[in-house]
Structures are given as C-alpha cells and as structure tokens.
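Undergrad: please work out how this folds:
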Amino acid sequence: MTKYDEVMEKLEVTPEMHARILQNVETQMAEPCKKPNRLRRFAALAACLAVLLVGAMALPKFISSPVPEESETMIANGMVEVISKEELSEAVGFPVKSAQSLPFFPQSIYYTSYWGEMAQIDYANGGSMACFRQSLGEEDNSGDWSEYPAQKSLTVNGCAVTLKGEADSYTLAIWQDGTYSYSLSLSAGQPASVWESIVEGVA
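TA: A predicted model of the protein is given here:
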C-alpha cells in the first residue's frame with residue numbers, strides 16, 4: 001500500500017467539510033456564467049461613452065456653423081414670392097402689368113409667381129384688398145368659381161370685360177386681350193362705372 005492510500009484511508013470527511021466542498025464547487029461552476037454578463041455591461045458602457053464622445057465633438061461644430069441667410073424668394077407648392085414687378089416678369093417669362101387705379105391706396109404690395117406661368121399681385125391697406133392675376137392664354141385664371149347673383153359685360157380698351165357680384169356692386173372682373181388673361185378681385189364691391197376706370201388703369 002502506498003503512502004497516498006494510507007493517507008486516504010485515515011482521511012475522514014465530516015458533514016461540514018462536505019457542505020463546504022459542495023459550496024465551493026457550485027461557486028466555481030457559477031463563475032464562468034457571470035463573466036459574459038460583465039463583458040456585456042462593459043461593452044454597453046463603452047458604446048455609451050463612444051456616443052457621448054462623438055456628440056461632444058460634433059456639438060461645437062453644429063453650434064458654430066453659420067445660419068443661412070433668409071432668401072428673398074420663397075418657394076412652396078410652385079409659388080415664388082419676389083420683391084418687385086420686374087422680378088415677377090422675369091419669374092413668369094412675360095411683361096407683367098399692374099392695377100394702378102384701385103379704389104384705395106395700397107400700403108402693402110406682394111408679388112407672386114405661380115409655377116412660372118401666372119403672375120399675381122396682391123394689394124392691401126387695412127381691410128381693403130385686391131388681387132390681380134395675369135397669365136398667357138384665354139382661360140379664366142381668377143380661381144373663383146362662386147355663383148354670383150349678378151353679372152355685367154362692358155368693353156374697356158377694346159376688351160370684353162365680365163363683372164361679377166351682387167346687384168350694382170361687383171367684386172370680380174375677368175377679361176382677355178388676345179394674348180393674356182386677366183382677373184382682378186376686390187374685397188369691397190364697386191359699381192360698373194368705377195370698374196371701368198380700374199380696368200383702364202391696368203398697365
């Protein structure tokens with residue numbers, strides 16, 4: 001019998017030692033399962049730090065980047081707003097006329113090109129407003145399809161003008177000159193005699 005065998009025969013394992021051995025074995029077996037969790041935590045922490053670092057580097061550039069100046073033109077749904085009748089003529093490709101004999105003095109005038117095909121000029125002074133439109137062709141460009149109780153026809157500068165409104169107070173005029181179509185609407189109705197001078201003043 002070897003010394004190892006003699007020692008093993010004399011070795012006694014008490015219940016307390018047995019319990020400690022089993023506990024150590026369980027602990028050793030459980031440790032490998034904990035390492036991946038720690039690695040995942042460290043990986044997630046490293047990813048968060050990387051995102052924060054990139055954000056910290058990009059933020060100064062974003063803050064210091066110059067804000068683009070507002071353009072003098074505004075493009076939305078085919079609309080281009082310009083600052084003068086000359087620019088409006090360039091935008092639509094033909095010489096644009098304007099209403100120069102309105103029944104009120106306009107304090108604000110706005111010039112808008114629609115799809116580069118129709119010119120619109122809006123005039124305003126408080127609650128008084130007017131909208132003038134000009135386009136190539138002979139179609140009604142007013143965009144107003146309301147049923148008016150009264151209509152009247154008159155001839156101005158050799159053009160047949162149709163007035164629409166109520167009784168002797170008309171708010172819309174439509175006419176053509178063989179090349180362009182025109183329309184002019186007013187917020188307040190005017191008699192035919194006033195409309196005659198308004199249409200004559202379109203130049």
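
Undergrad: tell me the secondary structure for Ser193?
TA: Secondary structure of Ser193, reduced to three states by DSSP: H, G, I helix; E, B strand; the rest coil: helix.

Undergrad: what about the helices in the chain?
TA: Listed in chain order, the helices of the chain (DSSP state H) span 3-10, 15-64, 85-92, 192-200.

Undergrad: mind listing what's buried in stretch 112-126?
TA: Using 16 or more other C-beta atoms under 10 Å as the burial criterion, the residues of stretch 112-126 that qualify are 112-114, 118-121, 123-124. The way it works is simple: take the backbone N, C-alpha and C, and place the C-beta from them, glycine included.

Undergrad: out of those residues, flag the one nearest to Glu139.
TA: Lowest distance from Glu139 to these (C-beta to C-beta) belongs to Met118, with 10.2 Å.

Undergrad: identify the bridge partners of that closest one.
TA: Beta-bridge partners for Met118, by DSSP bridges, are Tyr114, Ser135.

Undergrad: before we move on, what about Tyr170?
TA: Beta-bridge pairing of Tyr170 under DSSP bridges involves Gly165, Gln190.

Undergrad: and it, how far is that from Ala119?
TA: Separation of Tyr170 from Ala119 (C-beta to C-beta, to the nearest Å): 22 Å.

Undergrad: then Gln151?
TA: From Gln151 to Ala119 the distance is 25 Å (C-beta to C-beta).

Undergrad: one more: Pro149?
TA: 30 Å.

Undergrad: bridging residues for Ala130?
TA: Under the criterion used (DSSP bridges), Ala130 bridges to Tyr123, Leu186.

Undergrad: my guess is Ile198 meets Leu184, correct?
TA: Yes. Using C-beta atoms under 8 Å as the test, Ile198 is close enough to Leu184 to be in contact (6.8 Å).
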